[in-house]
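In: Can you look at this prediction? I've put the sequence above it.
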Amino acid sequence: MKPEQLDLLLKARQSLSAAKLLLNNGFPDYAASRAYYAMFYIAEAFLDGEGMSFSSHAAVIGAFGREFACTGRVPVEFHRFLIDAQDLRNSGDYGGLDTVTVEQAAEQINCGEQFLELAQSAIGTLPLS
């Protein structure tokens, strides 16, 4: 695992911890946003391992799908997790107040945890926190 990948995966783990705190304290919109960012950082870590870096969220999501999901290197549902998480994050961040339900935020956190498990088996295990 490259140092940059380690940093991204550690940041993803922190984002998931923050998402859980936010959800447990009644902020599902913000919890969903942090869960999305966890998945986004993980996608960046996968791409970094291939020497790829992008400046926009859409480019990262597209490249992750093209390079990893479409090729079968990761199960396609992980690309779907990322797309759905971005849609929900946009709704929560830019929509009205309380547009994300507790259930939706919890599902995003669950997807983020699965994504982090995938990354640890594909890229490398994180040190204990």
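Out: That came in fine, so what should we check first? Numbers count the residues shown, from 1 in each chain.

In: Tell me which residues touch the most centrally placed residue in the chain, please.
Out: Centre of the chain computed as the mean C-alpha position; nearest residue by Cα atoms, centre = their mean is Met39, 0.7 Å away. With contact set as Cβ atoms under 8 Å, 6 or more residues apart in numbering, Met39 has these partners: Ala12, Phe81, Leu82, Ala85, Cys111, Gly112, Phe115. Any C-beta I mention is one placed from the backbone N, CA and C, and that applies to glycine too.

In: The fifth one - how many residues pack around it?
Out: Going back to what we said before, that points to Cys111. When neighbours are defined as other Cβ atoms under 10 Å, Cys111 has 21 of them.

In: got a pLDDT number for it?
Out: Predicted confidence (pLDDT) for Cys111: 96.

In: Check the third one too.
Out: As predicted, Leu82 sits at a pLDDT of 95.

In: after the helix or strand of the chain with the lowest mean pLDDT, next one along is what?
Out: Every helix and strand in the chain was compared by mean pLDDT, DSSP states H and E; the lowest is helix 77-94, with a mean of 89. Next along the chain after helix 77-94, taking DSSP states H and E as the criterion, comes helix 102-122.

In: So what touches the least confident helix or strand of the chain?
Out: By Cβ under 8 Å, 6+ apart, helix 77-94 touches 28-30, 32-33, 35-37, 39-40, 43, 57, 61, 64-65, 68-69, 99-100, 104, 108, 111-112, 114-115, 118.

In: Stretch 106-119: which residues count as buried?
Out: Using 16 or more other Cβ atoms under 10 Å as the test for burial, stretch 106-119 gives Ala106, Glu107, Gln108, Ile109, Cys111, Gly112, Glu113, Phe115, Leu116, Leu118, Ala119.

In: One more: stretch 118-129?
Out: Leu118, Ala119, Ile123.

In: Show me where the protein dips below the pLDDT cut-off.
Out: Scanning the chain with the threshold set as pLDDT under 70 gives 129.

In: try 90
Out: Flagging of the chain using pLDDT under 90 yields the residue ranges 1, 3, 55, 88-99, 124-129.
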